[in-house]
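> Let's see this in three dimensions:
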Amino acid sequence: MNAPNEKYLELVHGKMPKSKHIATMFRAFWTGGTICAIGQAFTDLYSSLPYDLPEDDVSALTTITLILITAILTGFGVYDKIGAYAGAGSIVPITGFANSVVSSAIEHKREGVVLGLCANMFSVAGPVIVFGISSSIVVGIIVLIFKGAFI
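You can find the predicted model right below:
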């Protein structure tokens, strides 16, 4: 009874396409790295402005810029092509989040503005937001209770 299983496995392995792990990892690595380098370039640009912006404001501007660029690229269908090429490399946290929100909105736009776009915009990203806010509250309470205990 073992012989048919072995023959089947041989047949499956013979027909299975060869894995391209190295190429896939390389594409994810360089694409994710490029997105991060673009983010760093915006940080450097905003830091060099003559307005003496605090570091927090520079970080916020960089984040907003990356979200805006990702939303625009998603709206035109370009970010989906980047994602198909780079895989997980395109899911750098802030750009992946922006892509999931805009993609959900675009997918449901036929249902109308309120019931389609607005109601479904956060269907994918909503749980992430809820978990992020909830966990930050828990961590904040823990820090408040033990303030100074670890310093």
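> Which other helices and strands does the helix or strand bottoming out on mean pLDDT in the chain contact?
When each helix and strand of the chain is scored by mean pLDDT, DSSP states H and E, helix 119-120 comes last, with a mean of 74. Helices and strands touching helix 119-120, as assessed by 3 or more Cβ pairs under 8 Å, 6 or more residues apart in numbering; DSSP states H and E, comprise helix 93-107. The way it works is simple: take the backbone N, C-alpha and C, and place the C-beta from them, glycine included.
> Mind checking the pLDDT average for the helix it packs on?
On average, the pLDDT along helix 93-107 is 80.
> List the buried residues of that helix.
By neighbour count on 16 or more other Cβ atoms under 10 Å, the buried set for helix 93-107 is 94-106.
> contacts for the least confident helix or strand of the chain?
Residues from elsewhere that reach helix 119-120 (Cβ atoms under 8 Å, 6 or more residues apart in numbering): 104-105, 107-108, 111.
> Is it possible to get TSV of these that adds distance to T43?
As requested, the contacts of helix 119-120 are arranged in TSV below (distance: Cβ to Cβ, whole Å):
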residue	distance to T43
S104	28
A105	28
E107	32
H108	34
E111	38
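> need the contact list for the residue nearest the centre of the chain.
Note on the chain: the residue nearest the mean C-alpha position is G96, at 1.9 Å, using Cα atoms, centre = their mean. Applying Cβ under 8 Å, 6+ apart, we find G96 in contact with S90.
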